[in-house]
Each structure stands twice: as structure tokens, then as C-alpha cells.
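# 3D model of this:
(2 chains)
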Number of protein chains: 2
Amino acid sequence: MGASPLLTRLIQSLQILPGVGPKSAQRMALTILQRQREGAARLAEDLARAVEGIKECQWCRNLTEESLCGICADERRDRAVLCVVESPADIFAIEQAGGYSGQYFVLHGRLSPIDGIGPEELHMDRLLARVRRDETKEVIVATNATVEGEATAHYIQDLLGDHVESVSRLAQGMPVGGELEYADGGTILHALQGRRRLGAV
Amino acid sequence: MGASPLLTRLIQSLQILPGVGPKSAQRMALTILQRQREGAARLAEDLARAVEGIKECQWCRNLTEESLCGICADERRDRAVLCVVESPADIFAIEQAGGYSGQYFVLHGRLSPIDGIGPEELHMDRLLARVRRDETKEVIVATNATVEGEATAHYIQDLLGDHVESVSRLAQGMPVGGELEYADGGTILHALQGRRRLGAV
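Sure, this is the predicted structure:
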């Protein structure tokens, strides 16, 4: 078909991006070459720099170019509360929601024996070490509400139960703005079990 | 929120890609940093090379890193037939459909007086020059089936009518596999007007 080799290679490379298939990679490549050349040059540079410079935070395993991430380095954040998440994207989500001022620990995954992911792969020893060093009082396990996420939460409960005052789990129930009519059965059951008295705090 | 500056900048830059907003840019950045570092480094390189190396073909204005694109340089392709398209993506689509063996000319847009896009911006003079030099017999105008695409087609008809044997336009009608029930009125009208006798060639 006589397409330019450089263009063909760019279309191929763009497909490493999540959710980008051959068709959208082609559209992306053509669009940036026609209308976004400066932006594309900047993107190339930012990508190279990020790949080069971004590592894991030594304390929480979040992504950062420093030895400690911005949150771990922030003296104003409460070291007594530690929120355990599956991925850095979860930290973004919780920070964007606002209202949480504790620290984090990123597992970069969840327990999944089928995929060969056990406690070592998730560096649970570093989680324990952090809890001990910070003398954490409360651990909030914010792994996803999936089977693996639940299993991971139970493992953490067993691991840390004796070292902290409480290990809690994010509440499960109806999402804010959610309509009962469209909620799945599991969500409705959890919402019923976790019901709270009106007027109670 | 303490996010890494390199990461923040990468998320910003990714948003030049068509169809990518803040949320999917964030997902892309985190995914490639967690799981696709090699691919990301390759993408950075391919992007930089494409931006640096890819220009317009001197004859057809398609994207290429050579002075002539693969199609213009291909001696086996029929120089008597020239297909005029709005963008390089249209060439991809026609080539992928197969069955066309002529040449192309890319306008990089369509006539749109409101946006200040006239014949000069689309380099209609180069289209005329190409038709004259190649002694083109047939011009197929494959601009989109939009108001601007139609206006552009009429302009080309006026410009080239005296220089070639025929100026044609892509057929309009029902898409293959399309269901009448879901087709819009304009498409159905065109399909009716352009009806063909069964058994006719």
C-alpha cells in the first residue's frame, strides 16, 4: 500500500497505549502529523523523560522521579493513617476526591495465585516495614471490590492486624447518584447489609 | 496533590492525541509507566523521528519521508486516473478497501469560506498542474459526502472539467450491510435516485 515506513512504525508504536487499536492509532498518527507537530515533538520528549526518570517511591511505591513521592515527603500528611491501593491510578482517584490526608502504599497489583502473584510480588514485607516504622494506627485497605481485591484485603488484615489499631475496608454500597433500578444484585446486598440509621453519625 | 511533575507533564502532552481527555491520558501514562516502559521508549523515538522526517509528497501531498510517496513513485500505478481526497486517512481507507490502482491527490482539507479555507489553502493550482503533467484522463473526487465536501467537488469539476475526459464523484447510497430501517433520509433519497437495474453492469 506504499505507506511511509516511519508512519507505519509510528502507528504500530501507538498501539502500546491502552484502548488504542490499529484504527485509532492510524487516526492519531495522521492527526498529529497534520495538525499537532509541535505537540507531538513535546510528547516524544516528555515520554522519553518520564520513562527515564520516573521510578517507584522508596516508601510507598507510588510513581515519582524523586526518591520520595510528593505525598510521602509532605510533612503535613498524617503518618498515622495508611491507605493501601492496587495502583497509582487509585491514588489519583482518591486525591481528586479530596478529603483524605493520610499516607498511601501501592501494591502494584493484587493477590492472584493463578497469575503467580503472591505476597512477595506485591512486596507485602515493605508494607509491613512501613507500618512498623511510621507506627501507623489505622490501615484503610482500598483494593478494588473484586474477588482478588477482597482476598488481598483479608491477607493484609492478617498481616497487619497485630501491628495497628484498626484495619478497615472501603464501604461498599450504592454509588452516589446511582439508581437502584440499574444496580447489580451484589451491590444492593452490600448496601442493605451496610445500611446506616438516619440521624446517626 | 503531590503528583510527579514529569508525570503531570506527560499526562498533559498525551492530550494532544485525538479523542484523549484528561482521564484517559492519565490512564495511558500510568499504564505505560507500569507495564510498557520499553514500548513507551520506542514510541517516544518513533514520534520524534516521524515529526522530524515526514513531509508532504511533492506530487500528491500525501505524508511521506521521501520526496515522492510510495504510490506516486510506483510505476505500476495508473497515472491516467487521479483520486482527490481530503486527507491522508482517506488514502489509507481506499487502499485498505483494495481495487483502486490509480494515483491520488490530497487536499488537506475542504473548501470552507467560513474558516478562511479557499482554493489557495488547498493548493488547487498544484492539483491542476498534476493533472496537466500526467495528462490525467479521469478524476475521481472522493471528498466527504458533506456540504463542504460537495462544494469542493463542484469547484474541482469547474477547475478540471476542460482538462480531463471525466470528473466523477463517489457513488452515494446505502452502505454495504446497512439496514434501511436505520439509514437517514438523505442516504435513502440518494440511494433511490442512484438506483441501478438488476442485471445491468
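
# count the neighbours of the closest residue to A:Ser166 other than its chain neighbours for me.
For A:Ser166, ignoring the flanking residues on the chain, the nearest one in space by Cβ to Cβ, 6 or more residues apart in numbering or on different chains is A:Glu138 at 5.0 Å. (Glycine included, C-beta is placed from N, CA and C.) Other residues near A:Glu138 number 15, with proximity taken as other Cβ atoms under 10 Å in any protein chain shown.

# state the distance from A:Glu138 to A:Leu159.
From A:Glu138 across to A:Leu159, the span is 15 Å (Cβ to Cβ, to the nearest Å).

# am I right that the residue nearest to A:Ser166 is in contact with A:Cys83?
No: with contact defined as Cβ atoms under 8 Å, A:Glu138 does not reach A:Cys83; the gap is 9.2 Å.

# which residues are common contacts for these two?
Taking Cβ atoms under 8 Å, 6 or more residues apart in numbering or on different chains as the contact rule, A:Glu138 and A:Cys83 both touch A:Gly102.

# how about low-confidence regions in chain A?
For chain A, the stretches flagged by pLDDT under 70 are A:1-2, A:200-201.

# alpha carbons only: can I get the helix ranked longest in it in PDB?
Looking only at chain A and at elements set by DSSP state H, the helix with the highest residue count is helix A:37-53. What follows is the C-alpha trace of helix A:37-53 in PDB, where atoms were taken according to Å, rounded to 0.1, in the frame of the first residue of the first chain:
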ATOM      1  CA  ARG A  37       3.600  18.600  15.100                       C
ATOM      2  CA  GLU A  38       4.900  20.800  17.900                       C
ATOM      3  CA  GLY A  39       2.700  18.900  20.400                       C
ATOM      4  CA  ALA A  40       4.000  15.600  19.100                       C
ATOM      5  CA  ALA A  41       7.600  16.700  19.500                       C
ATOM      6  CA  ARG A  42       6.800  17.700  23.000                       C
ATOM      7  CA  LEU A  43       5.100  14.400  23.700                       C
ATOM      8  CA  ALA A  44       8.100  12.500  22.400                       C
ATOM      9  CA  GLU A  45      10.300  14.400  24.800                       C
ATOM     10  CA  ASP A  46       8.000  14.100  27.800                       C
ATOM     11  CA  LEU A  47       7.600  10.300  27.100                       C
ATOM     12  CA  ALA A  48      11.400   9.800  26.900                       C
ATOM     13  CA  ARG A  49      11.900  11.800  30.100                       C
ATOM     14  CA  ALA A  50       9.200  10.100  32.000                       C
ATOM     15  CA  VAL A  51      10.400   6.600  31.100                       C
ATOM     16  CA  GLU A  52      13.900   7.700  32.000                       C
ATOM     17  CA  GLY A  53      13.200   9.500  35.200                       C
END
